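Trainee: just coords:
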């Protein structure tokens, strides 16, 4: 199986596509730019959803559901938002088909034209704030802490599975607050939730920061983000949390009576992560043998493969394997016993290795005699023999060890790929030879940022939250700068 | 609160809408026919989803995700399907908006017209079977047992929240099998899953049966259904499971090599339930005091309301209430402690009664002295005093008792509203005076069925699975009949 797919070095982009398709995560559909998320890929997304959903609920949020359609006129209400979102989108103009009078199959019924076109949501601020107007009268109605799991559509011209697709799945939180301070606290809290999720569950270290004005969400006063580094040295924006100020409240006339009896506009945030995270997960850990998944999110944490030469051995080994499976499952471990007799053990070994299952157990007649099992780690490919009596402890320990190891490897990689550049030459050399995150001085103007982007394809990934003010000169313009920002080429 | 909403007798339809809106389940949106599902209503749907999803996985199914868009030409491939579904639907014709040259806001960019229109899925058989073609070569690739949780759009002219909306949420299972027998077993299995869910979790008894040809799913050879009875005597189809034969495999050219080496078309099923079930739940159990929810699905199973006269009592009572809450939560019970001091206890009592919370605990200073609590049941409105030491047991017991009572009440109601009619006059009298399910003889023709529908608005809800053959004469045509079928007016 490993032979017919690319290595990272040969062709990083093909390597990624090969893993997505051959590990049964997703495939392109008959509809341009839309993917089919296959059961194994969707199980991964479900595990991510389950963790995130609990984190949202633990921080006081509830889920709700708003219409997929947004009246065209809603987009025009927030001036920046319309520029950012009402362009490449799917437009519904009619609501009926009919049989063609000339017998050419079915055609659009031109008499069923909508008075106002409906846009398939690219994001839901407009329809949600139009709804919130009726939910909010007094400070007692605030805060509103709502999240939505939904599909959205952005008509992207160049698509790549999980990373950029016309339709994708995501969650979008939309909160309403009585004060600016409270809204900013919420924005930062959700950024921390995303960073915790990325680091503790996806095993991906992330930089937290704010976006430059150019890269800000259309309609936001401040966009916070987490940025991850992929193995090809390119950055990937893994989540954003926006402080929207009173922009949407003003656009949709959402006011409340404060404790002091004053009529004021409501403060807003929005925050989201998407199926793009599946792409990040694939690119962060996988290797030339296929997918590598962190145990906390892996749909199957342990695969058990029986080894046998005849029917009698098959029965004996499978009986024992089923018992081991039950023991592990009782501890909440996600186990798959692959007792298919239509495939050879070697084929199954390749299969689970390629699909990134963190631990593989091989169990054969000799193991039955000796009360042993062979355990193989996906991350290091190490194999060890353990007593069956120790199995549950060993598996629990190894799953934690693999989770930690993946995070540490990713962190070490990022540290090795993080640079400082103090001149334009140095900046370009690092960018072309090494890639990664480059901390450099920038004069703070959108003009310089755009020129750097045009000349190098590198963008400001974020203005990092943790970094300290440091006086310097802009690598491009030579003008004064107060702080280094993080540049990279990005997905 | 109870004063400004209708009773069932005054206006059943308004009673339903009042509950939906005033219990914060859903509201109409700015988009015609689309609703906003509010957090309390969505929490109910999430609980239903969680139970169903586990039932699907326990029967071997996995979730996946297919595109929301279906190319128009796909609908023409299955002859019956196109008649049923490619009519009232949302049609995407363009993929870009632009600023109007005359400054009239944003308009559709006519240069961005799709070559082939895309339909927003009203159901996904076509796009899924187009995908399955590439997944299936051999009998070893079968069965495919896949489910999708998704939004779908059907451009309904008359909409009612939850019961019939232009966009709704649902799950659609789509399975592929090597044999006819296996596909039929799957179809029936999923019908049983739906019936179990309705009876054990929703506390709604259902009739299982097959649809007449007229009422069959477009493209199915047989449609199995569960039918529930609402309090106004109208039936509601609560779930369907379709045996699709080889229709979609033939339309999308999906073949496999059998064990015997023969190339054959694949056998298919599909099955679904939707947010319509929330409507069924509301109408089955609620009363003139508002919503009544079965404990197994209620977002909040127990609401604790502190009673106090001053700050000291408030602190004392809330401290105790928090302990009781923790005790109950440890047992997995969903508890809300409403310690808001902005609302009076009486207001809260009304609120939780109206929102259908199964149990309410009132805790005041006297209870603290006596180590007691007052427990009120939503279903019977009975109140009792219990010792705090007994609380967990009593609550667990009462939640089960309420669940059983709701089911028994609904069953008794259905039995009282189930009739036999042996003549056309009798049929019409029962239909107009009593409503409910009417078992009557039918000659088996689509023509008679249509005439009965035209004259009475009653339809054949199902040909019940459990009923025995019985010779008789059709109530309408007088022609011979072999079995009674179930008629009702329906949602």
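Mentor: Looks like it came in fine. The structure presented is a predicted model; accordingly, all values stated were derived computationally and were not measured.
Trainee: Assign a three-state SS to the residue nearest to residue A:12 when sequence neighbours are not counted, would you?
Mentor: Distances taken as CB to CB, 6 or more residues apart in numbering or on different chains place residue A:232 nearest to residue A:12, at 4.6 Å, with adjacent residues excluded. Yep, even glycine has a C-beta here, placed from its N, CA and C like the rest. Put simply, residue A:232 is coil when judged by DSSP: H, G, I helix; E, B strand; the rest coil.
Trainee: Which pLDDT value goes with residue A:232?
Mentor: pLDDT, residue A:232: 96.
Trainee: thinking residue A:173 is in contact with residue A:146, fair?
Mentor: Yes. Assessed by CB atoms under 8 Å, residue A:173 is found in contact with residue A:146 at 7.1 Å.
Trainee: List the contacts of residue A:263.
Mentor: Remark: with contacts taken as CB atoms under 8 Å, 6 or more residues apart in numbering or on different chains, residue A:263 is in contact with A:255-257.
Trainee: Narrow those residues to those in helices?
Mentor: Among these, DSSP state H puts none in helices.
Trainee: buried subset of the residues you listed?
Mentor: A:255-256 (16 or more other CB atoms under 10 Å in any protein chain shown).
Trainee: and the contacts of residue A:263 as TSV, adding pLDDT and distance to chain B?
Mentor: What follows is these, written out as TSV (pLDDT from 0 to 100; distance: CB to the nearest CB, whole Å):
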residue	pLDDT	distance to chain B
A:255	98	18
A:256	98	15
A:257	98	14
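Trainee: Get me the contact residues on the stretch 101-250 of chain A for chain B.
Mentor: Residues of the stretch 101-250 of chain A lying near chain B by CB under 8 Å from any CB of the partner chain: A:105-106, A:108, A:117-120, A:127, A:130-131, A:134, A:140, A:146, A:150-151, A:153, A:155, A:167, A:169.
Trainee: Buried among those residues? Need that as a selection in ChimeraX.
Mentor: In ChimeraX, a selection of the buried entries from these looks like this (16+ other CB under 10 Å):
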select /A:106,108,117,118,119,120,127,130,131,146,150,151,153,155,167,169
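Trainee: circling back to that earlier point, could you measure from the residue nearest to residue A:12 over to residue A:21?
Mentor: 19 Å (CB to CB, to the nearest Å).
Trainee: circling back: measure the residue nearest to residue A:12 to chain B for me?
Mentor: Distance of residue A:232 to chain B, given as CB to the nearest CB, to the nearest Å: 27 Å.
Trainee: Contacts only, for that residue.
Mentor: A:8, A:12, A:283, A:435.
Trainee: Do I have it right that the last one meets residue A:489?
Mentor: By that I understand residue A:435. Yes. Judged on CB under 8 Å, residue A:435 makes contact with residue A:489 at a distance of 6.8 Å.
Trainee: Can you pull the residues that touch both of these two?
Mentor: In contact with both residue A:435 and residue A:489: A:233-234, using CB under 8 Å, 6+ apart.
Trainee: Setting aside sequence neighbours, what's the nearest residue to residue A:444?
Mentor: Per CB to CB, 6+ apart, closest to residue A:444 is residue A:481, 6.8 Å.
Trainee: which residues touch the one you found?
Mentor: Neighbours of residue A:481 in contact, by CB under 8 Å, 6+ apart: A:441-444, A:471-474.
Trainee: cutoff 6 Å now
Mentor: A:441-443, A:472, A:474 (CB atoms under 6 Å, 6 or more residues apart in numbering or on different chains).
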